[in-house]
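**Q** Test case, fold it:
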Amino acid sequence: MQPLRVIAVLVLVFAPLLSACRESGIASDAAAAQPEAPAVALPNKGGSFKFGVLGDFGTGSRDQYELAAQMNALHDRFKYSMVALVGDNLYGSERPQDFKKKFEEPYKKLLDAGVKFYASLGNHDAREQRYYKPFNMGGNLYYTFSPRAEVRFFALESTYLVPEQVAWLEKELKASGSHWKIVFFHHPIYSSGERHGSDVKLREVLEPLFIEHNVSVVLQGHDHFYERVKPQKDIPYFVIGSGGKLRAGNIDRGSGITAKGFDSDLAFMAAEIDGDQMHFNVITRGGKIIDSGVITRRKGSTP
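**A** I've put the predicted structure just below:
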């Protein structure tokens with residue numbers, strides 16, 4: 001066989017294999033093979049404030065239950081007291097048996113241990129979810145609560161961001177003297193998702209308020225993967241949208257805003273606030289820590 005024909009045959013044989021690797025998310029470049037930084041351990045200090053973050057989870061699938069098992073296992077050694085839900089809490093029908101299958105059963109151990117779940121609504125969620133007591137929304141589409149004097153959460157309804165909600169948020173952010181102001185909602189204003197990505201119109205409304213009133217962390221969902229966005233105007237943004245659904249390979253690696261992205265399995269976040277620092281770990285369905293770090297709260301004019 002002539003040399004040129006040999007080369008042509010090799011190309012025909014191996015080109016489909018290389019394409020398949022790219023489509024399945026298998027790393028084929030040197031950068032992807034670089035060793036990752038060692039995980040930053042959660043301090044797990046007595047008296048610190050510990051919480052979890054979960055999004056886009058309510059499928060009732062085996063995968064959801066397996067991730068829930070990791071949340072249970074973590075709680076055995078890291079006693080977080082609450083979970084912030086960034087929306088799409090139930091997919092499909094929302095009958096009483098669906099709430100049981102898609103929420104009460106997978107997280108039963110946590111609920112029995114007294115862990116409180118605080119929900120925000122996603123585009124797949126009926127607005128009547130605000131009356132479901134285990135979601136602790138108090139009948140409100142948007143609300144605020146303070147589990148500790150130094151920490152205050154603000155849950156938004158991002159599908160219909162009406163002017164009344166924006167005025168409410170500005171008033172509540174301004175009135176809060178908490179050191180840590182953490183906002184959570186469904187539609188991300190910063191995301192590298194190829195399916196959804198950044199909601200620029202929401203950003204135009206919300207970002208100025210976050211900056212002016214010293215919001216320290218923003219938690220979002222909607223895109224079905226995990227992403228830690230590079231700080232934008234000094235504020236860290238997270239997309240935590242793979243609690244029960246995954247859109248594999250959907251992160252646009254060329255967006256320029258990704259500090260860490262993971263789109264090959266389900267994941268949730270665990271966090272711990274102690275003083276001016278927040279440690280976080282992001283844990284997969286298999287129990288692997290795929291991202292971790294430390295955030296220092298924004299101070300500005302906040303006491």
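
**Q** residue closest to the middle of the chain?
**A** Closest to where the C-alpha atoms of the chain average out (CA atoms, centre = their mean) is residue 240, at 1.7 Å.

**Q** close enough to count as contact, that one and residue 268?
**A** Yes: contact criterion CB atoms under 8 Å: residue 240 and residue 268 qualify, at 6.9 Å. To be clear about C-beta, it is placed using only N, CA and C from the backbone, and glycine gets the same treatment.

**Q** where do the contact lists of the two overlap?
**A** Contact criterion CB atoms under 8 Å, 6 or more residues apart in numbering; residues shared by residue 240 and residue 268: 53, 54, 282.

**Q** which of those residues has the most neighbours?
**A** residue 54 (29 neighbours; other CB atoms under 10 Å).

**Q** OK, contacts around it?
**A** Contact analysis of residue 54 by CB under 8 Å, 6+ apart lists 71, 83, 84, 85, 86, 240, 243, 268, 269.

**Q** What ranges does the stretch 51-200 of the chain have for its helices?
**A** Assigned by DSSP state H, counting those that start in this stretch, the helices in the stretch 51-200 of the chain fall at 62-77, 96-99, 108-112, 163-175, 200-212.

**Q** Which residue ranges of this protein form strands?
**A** 49-54, 82-85, 116-119, 143-148, 151-155, 180-184, 217-220, 226-232, 235-240, 258-262, 267-274, 277-284, 289-296 (DSSP state E).

**Q** how about the ones you listed, which one is nearest residue 67?
**A** Set against residue 67 and scored by CB to CB, these come closest in strand 267-274, at 6.2 Å.

**Q** In the contacts of residue 54, find the pair that's most separated.
**A** It's 71 and 86 that sit farthest apart of the contacts of residue 54, by CB to CB, at 14.7 Å.

**Q** between the two, who's got more neighbours?
**A** More crowded of residue 71 and residue 86, by other CB under 10 Å: residue 86, with 33 against 21.

**Q** Make sure the more buried one is actually in contact with residue 242.
**A** No: counting by CB under 8 Å, residue 86 does not reach residue 242; the two are 10.9 Å apart.

**Q** and for those two, which residues touch both?
**A** Contact criterion CB under 8 Å, 6+ apart; residues shared by residue 86 and residue 242: 55, 56.
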